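1. any chance you can model this:
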Amino acid sequence: MRILFMGTPEFAVASLKRLVENGHEVCGVFTQPDKPKNRGHKLAFSPVKEYALTQGLEVYQPLKMRDGEALGIVESLAPELIVVAAYGKILPEEILNAPRYGSINVHSSLLPKYRGAAPINWAILDGEAETGVSIMYMAKELDAGDVILQKTTPIGPEENAQELTARLAELGAEALSETVTALQNGTAARTPQDEGKQTYASMLSKEMSPIDWTRSAHAISCQVRGLIPWPCATTDVISGDAIKLYAVTETGEETRAHPGVIVAAGKDGIDIACGDGKVLRVTELQAQGSKRMTAGAYLLGHPIQR
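-> Numbering: from 1, shown residues only. Have a look, this model is predicted:
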């Protein structure tokens, strides 16, 4: 099938790669414009652009989608299908409806739950036991189109958002491959979403970082895992300054200590009392002005006085 692909981050690469490996004619790739990166502010390619160039694919980076330029490119490429995966731009209806088979989206949640910008993070933040991917027809409303196919996967008890994103990228590529085949065969399903069950996954912010130790150990674990790699959960109970937490373990141990009190600290980690009387062990962290390290390594240079 002749396909125009639109995507930007690492999550989208797996889907583009699968289309190429399946032998589809990828007639073009839309991705976000190059952006300054790090202190040198050197322009950096998106992960999708980097992969597309290795495959000799034509890359387009329109600044706007509604000024006619993008539509002109789409019409000149004449794709049979548009595939979108975390592109980061809203497509006008004239682009969505241009191809013969329309436009479909690889979305990292079990729609209608978690429409929006950060579905993977919010599934973990909310303590969901499972999540998945949805392939849907794109509509004018955000993530509201009819669902073609879904795949479900459990969320590991210590899996963070970065790890889950990598797994869902591969699951999404698998679901996309099956969907394109179904579209070609005329067997693709079309299931309207139940609007009464829709939830929204808003963008993350640094205001979500500070940990409230009066919450349960499990809720705090979800916060830590759900905010990786950005903005990261933070706490000042270890040193007085905000320290980023990258890994924690629910020990199952109980304590009578007040929430936020350090009850033990050693090579295995830093144990902190939570609001439900349980202990949460910090095993990986990053202090201000320092690099990411194990809690045991941190303690070698920063012994805790209790």
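
2. I'd like the next helix or strand past the lengthiest helix in the chain.
-> The single longest helix within the chain, with elements called by DSSP state H, is helix 161-185. Scanning forward in sequence from helix 161-185 by DSSP states H and E, the next helix or strand is strand 200-201.

3. if we can go back for a sec, buried ones in the longest helix of the chain, by neighbour count?
-> 161, 163-165, 167-177, 179-180, 183 (16 or more other C-beta atoms under 10 Å). C-beta: built from backbone N, CA, C; applies to glycine.

4. ok, Y200 - contacts?
-> For Y200, the contacting residues are 114-116, by C-beta atoms under 8 Å, 6 or more residues apart in numbering.

5. so which of those sit within strands?
-> Of these, the ones assigned to strands by DSSP state E are 115-116.

6. and the contacts of Y200, which is closest to M293?
-> If you rank the contacts of Y200 by distance to M293 using C-beta to C-beta, Y114 comes first, at 32.4 Å.

7. correct me if wrong: that closest one contacts A201.
-> Yes: applying C-beta atoms under 8 Å, one finds Y114 in contact with A201, separated by 4.2 Å.

8. re the thing from before, tell me which other helices or strands the longest helix of the chain touches.
-> Under the contact definition 3 or more C-beta pairs under 8 Å, 6 or more residues apart in numbering; DSSP states H and E, helix 161-185 sits against helix 10-21, strand 81-85, strand 103-107, helix 119-125, strand 130-137, strand 147-154.

9. wait, which of those is closest to Y246?
-> Nearest of the helices and strands packed on helix 161-185 to Y246, taken as C-beta to C-beta: helix 119-125 at 13.9 Å.

10. list the buried residues for the closest one?
-> For helix 119-125, a neighbour-count test (16+ other C-beta under 10 Å) marks 119-125 as buried.

11. please apply the same query to stretch 188-200.
-> So stretch 188-200, judged by 16+ other C-beta under 10 Å, has buried residues 188, 193, 198.

12. quick one, which of the helices and strands packed on helix 161-185 gets closest to Q288.
-> Comparing the helices and strands packed on helix 161-185 against Q288 with C-beta to C-beta, the closest turns out to be helix 119-125 (23.2 Å).

13. what is the end-to-end distance of stretch 102-113?
-> This stretch, stretch 102-113, spans 23 Å end to end (C-alpha to C-alpha, to the nearest Å).
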